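[1] Sequence plus the predicted model coming up.
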Amino acid sequence: MQPDEFIEVLNRPIGQELPARDVIRLAYVAKDGTPRNVPIAFTWNGSHIVLCATKNPPQLPWPPSRTGS
């Protein structure tokens, strides 16, 4: 995501709600095809979104595979 795209998202109504929240959820599909939903704490430090996850989260491949593009 480019900086201008990030600013555009923050200017949307849902983007305005983000700073008031302290937990977001990352949803993805596991290798076995089941849905997963992981709560992630975050904060805005004025220039970056800082994500905080548990010490033992399910392992995700990095970089994520891109299908359909």
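    Okay, I see it.

[2] Please make it C-alpha for all contacts and neighbour counts, starting now.
    Fine.

[3] show me where this protein has helices.
    3-10, 13-17 (DSSP state H).

[4] what's the spacing between the last one and its chain's center?
    Average the C-alpha atoms of helix 13-17, do the same for its chain, and the two points are 14 Å apart (C-alpha atoms, centre = their mean, to the nearest Å).

[5] likewise the longest one?
    Its chain's C-alpha centre and that of helix 3-10 lie 14 Å apart, by C-alpha atoms, centre = their mean.

[6] other SSEs contacting that helix?
    For helix 3-10, not one helix or strand is in contact under the criterion 3 or more C-alpha pairs under 8 Å, 6 or more residues apart in numbering; DSSP states H and E.

[7] start the count at 730, not 1, going forward
    Taking 730 as the first residue, the last one we looked at is helix 732-739.

[8] And G762, how far from V738?
    Using C-alpha to C-alpha, to the nearest Å, G762 is found at 29 Å from V738.

[9] between these two, who's got more neighbours?
    V738 (13 against 8; other C-alpha atoms under 10 Å).

[10] The closest residue to that one other than its chain neighbours - how many residues pack around it?
    Excluding the flanking residues, the one nearest V738 by C-alpha to C-alpha, 6 or more residues apart in numbering is G744, at 5.7 Å. Residues lying near G744 (other C-alpha under 10 Å) number 14.
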